[in-house]
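> only geometry, no sequence info:
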């Protein structure tokens, strides 16, 4: 079963919020290029979800997008599958085209649409993740340091054709295509046989992994990728994407397409949360939504049911 279900990474939602608030130009193009790459990666991971969901619930605990710390740096795992006999890391690559993986030079070469591109060997990255997870387990659970930690590289794109160079049979078996993932996992279950992990530890480990998970976040203003004044304030039209809409008689009107939306401000507050964080004051709300009245901004803020701390002019709302 999915103990940590498949969801869009929070940092990707943040990138998309920044892109919605930038004017056309090189900065927007750069961020949208990053979004395209991150979206492709996420879509590749999501494409495995139906096959993984077919695994028996009682035998497999599945975690999507785990980001753990070994006290020095973070490492991110696309999928971690726990069984009582072994742990399995899936390193997912969504790369279409004709691929050649050279295990001697550790290079992945792609031929696609008349272009040749070279990538790092994903099996190296996958094996490093194995070691990092083993180190994390040895720190937090000494008694399970002996359980096998396995890894597979999964090419999720249905249009991918892979050939291998200078690889051993064992190395080549560690690289599969998406449709084979369920059968491969079941064959590993047969290979590793009966349970070897203490049932009490196995019961505690999943929750410990969730507690230890630190989702990646970004702050493009703090790292000076984006200047605060470059971000467009106001409510975005849900029909034509124009910013800003105008609030007239408890409704939001778009001056470009003429459409109206009484709830358009909710997505604007979501953009604020993704860009600036969950804390917002009444004045910040007024300025970001482009309102004339503090009373109106307070009303709109409270309509989304945030919690709050402080009183009067010092009150801070926490956006959900």
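Received, thanks. Everything numeric here is computed off the predicted structure, so don't read it as measured data. Numbers count the residues shown, from 1 in each chain.
> Need phi/psi at the most centrally placed residue in the chain.
Nearest to the geometric centre of the chain sits residue 9, at 2.2 Å (Cα atoms, centre = their mean). When read as degrees, to the nearest 10, the backbone of residue 9 gives phi -60, psi 140.
> Use 59 as the first number for this chain going forward.
Done: numbering now begins at 59, and the last item shifts to residue 67.
> ok, now how distant is it from residue 93?
From residue 67 across to residue 93, the span is 11 Å (Cβ to Cβ, to the nearest Å). For the C-beta atoms, the positions are set from N, CA and C on the backbone; glycine is no exception.
> if we can go back for a sec, check contacts around the residue nearest to the centre of the chain.
With contacts defined as Cβ atoms under 8 Å, 6 or more residues apart in numbering, residue 67 is in contact with 96, 100, 123, 273, 274.
> Check the gap between it and residue 116 for me.
Distance from residue 67 to residue 116, by Cβ to Cβ: 29 Å.
> avg pLDDT for stretch 67-84?
Confidence over stretch 67-84 (mean pLDDT, whole number) is 97.
> Show me what counts as buried in that stretch.
If you call a residue buried by 16 or more other Cβ atoms under 10 Å, then stretch 67-84 has these buried ones: 67, 69, 70, 72, 73, 74, 75, 76, 77, 78, 79, 80.
> So the last one is in contact with residue 288, correct?
Spelled out, it's residue 80. Yes: applying Cβ atoms under 8 Å, one finds residue 80 in contact with residue 288, separated by 6.3 Å.
> Excluding chain neighbours, what is closest to residue 274?
Nearest non-adjacent residue to residue 274, counting by Cβ to Cβ, 6 or more residues apart in numbering: residue 69, 4.6 Å away.
> And the one you found, how far from residue 75?
Separation of residue 69 from residue 75 (Cβ to Cβ) stands at 11 Å.
> buried set for the lowest-mean-pLDDT helix or strand in the chain?
Here the helix or strand of the chain ranked lowest by mean pLDDT, DSSP states H and E is helix 257-270, holding a mean of 84. Buried residues in helix 257-270, counting neighbours by 16+ other Cβ under 10 Å, are found at 260, 263, 267.
> got TSV for these, with distance to residue 317 too?
TSV is the format used below for the buried residues of helix 257-270 (distance: Cβ to Cβ, whole Å):
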residue	distance to residue 317
260	54
263	51
267	45
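> Of those residues, which is the nearest to residue 168?
residue 267 (33.2 Å; Cβ to Cβ).
> Quick one: residues contacting the closest one.
Neighbours of residue 267 in contact, by Cβ under 8 Å, 6+ apart: 61, 62, 121, 124, 126, 138.
> just residue 279 next, same as before
Neighbouring residues of residue 279 by Cβ under 8 Å, 6+ apart: 285, 286, 333.
> do that again at 10 Å, thanks
For residue 279, the contact set (Cβ atoms under 10 Å, 6 or more residues apart in numbering) comprises 76, 285, 286, 288, 289, 333, 334.
> Residue 146 belongs to a strand?
Yes: under DSSP: H, G, I helix; E, B strand; the rest coil, residue 146 sits within a strand.
> May I have the beta-bridge partners of the residue nearest to it when sequence neighbours are not counted?
For residue 146, ignoring the flanking residues on the chain, the nearest one in space by Cβ to Cβ, 6+ apart is residue 139 at 4.3 Å. Following DSSP bridges, residue 139 is listed with bridge partners residue 120, residue 146.
> dump the residue contacts of residue 139.
61, 110, 113, 117-121, 145-148, 208, 210, 239, 243, 246.
> got the contact list for stretch 304-314?
Looking at what lies outside stretch 304-314 - Cβ under 10 Å, 6+ apart - the contacts are 292-303, 317-323, 326, 347-351, 354, 357-358.
> I'd like to know which of those are buried.
In the contacts of stretch 304-314, burial by neighbour count holds for 292-295, 300-303, 319, 322-323, 326, 347-349, 354, 358, counting by 16+ other Cβ under 10 Å.
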